[in-house]
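Colleague: Based on what follows, work out the 3D shape:
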Amino acid sequence: MTGRRLRTVDLARVAGLSTQQIRNYEEAGVLPAAGRTESGYRVFGEAHRQALLAYRALVRGYGPVTAARIMRTVHAGDVPGALALVDEAHAGLHAERAALRATGEAMEELARQAPGTDGTRAAGGLRIGEVARLLGVRTSALRVWEAAGLVAPPRERGTRYRLYGPSDVRDARIVHSLRRGHYLFAQIRPVLAELRREGGSEAELRSALAARAGTLTARTRAMLAGAGRLHAYLDCLDGPDGLDRPEGLDRPGPDRPDAVSAAGTTTGSTAGAPQPSAR
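Modeller: Below is the predicted model of the structure:
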């Protein structure tokens, strides 16, 4: 591959794209700046091929916006900054996985509770003192959880007493369980949001959690694949001769945009991208 010069159409065939998309990628900074022939046609090389493969792999795991930011940061000469974006994405995925694990733990805790103790026996719900005795906590703890937005029991008309229905008691149980596991309020909120979003029966919720776990695993593998391609591209740039970088590769284009929109970098879309040259 070293020394091979690629035309726009050659590079497009590498990833099954149109030549227009290759022009968009190069002008948007997803690919490094291309060299030009005397007649003005773009000239690409192995570094561009590696960049294209890296970006396409990053999109599958990190999404088009983050993938574009990573590639642009690399091409700006800030490799540590690009790797920080990778770290940030992995940290976000880890947070999602931790919340999912906490949700599963909360579900197990609920399953261990004795049936008929979730407030369903009281047609109008349970008052705060009854819920406090049920959980073995102080009423002040329930009020703190409410102030933090973790539980939101409705108020009884007239008396304005709090009335905990079955879902409110469930939320209070989950908060109590996770607090005993030293989870912070900020970590508990996504757990409750997950339960409220999925709703349904216990079996349906377990199925939804299993599906979410599968999705996170697939994303992790896609991110690892993307990171591997990025590593190969960085090795390409670090090579002794830059792996056949054509003349002009290290020079940023005069019309290089300051930002890349998601629409300008996703497959099959040119909306929002810089207006491409015909060559």
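Colleague: And the average pLDDT for the helix or strand where residue 209 lies is what?
Modeller: Using DSSP states H and E, residue 209 falls within helix 202-238. Across helix 202-238, the average pLDDT comes to 88.
Colleague: oh, and call the first residue 220 from now on, that's how I've got it
Modeller: Done: numbering now begins at 220, and the last item shifts to helix 421-457.
Colleague: which other helices and strands contact that helix?
Modeller: Applying 3 or more C-beta pairs under 8 Å, 6 or more residues apart in numbering; DSSP states H and E, one finds that helix 421-457 makes contact with helix 265-281, helix 283-294, helix 298-331, helix 404-417. (Each C-beta comes from the backbone N, C-alpha and C, glycine too.)
Colleague: make it 6 Å
Modeller: helix 265-281, helix 298-331 (3 or more C-beta pairs under 6 Å, 6 or more residues apart in numbering; DSSP states H and E).
Colleague: any residues touching the following helix or strand past the last one, and which ones?
Modeller: This means helix 298-331. Sequence-wise, the next helix or strand downstream of helix 298-331 (DSSP H and E) is helix 347-354. With C-beta atoms under 6 Å, 6 or more residues apart in numbering as the test, helix 347-354 has contacts from 358, 361, 381, 383, 391, 395.
Colleague: Can I get helix 347-354 in PDB, CA atoms only?
Modeller: C-alpha atoms of helix 347-354 as PDB (Å, rounded to 0.1, in the frame of the first residue of the first chain):
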ATOM      1  CA  ILE A 347     -45.900   8.700  55.200                       C
ATOM      2  CA  GLY A 348     -45.700   7.300  58.700                       C
ATOM      3  CA  GLU A 349     -47.000   3.900  57.400                       C
ATOM      4  CA  VAL A 350     -44.400   3.800  54.700                       C
ATOM      5  CA  ALA A 351     -41.700   4.800  57.100                       C
ATOM      6  CA  ARG A 352     -42.600   1.900  59.400                       C
ATOM      7  CA  LEU A 353     -42.900  -0.500  56.400                       C
ATOM      8  CA  LEU A 354     -39.300   0.400  55.300                       C
END
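Colleague: now the next helix or strand after it and helix 347-354, what's the angle there?
Modeller: For helix 347-354, the following helix or strand on the C-terminal side (DSSP H and E) is helix 358-366. If you take axes from the mean of the first three to the mean of the last three C-alpha atoms, to 10 degrees, helix 358-366 sits at 100 degrees to helix 347-354.
Colleague: So for helix 358-366, mean pLDDT?
Modeller: Averaging pLDDT along helix 358-366 gives 95.
Colleague: how big is the angle separating it from helix 404-417?
Modeller: 70 degrees.
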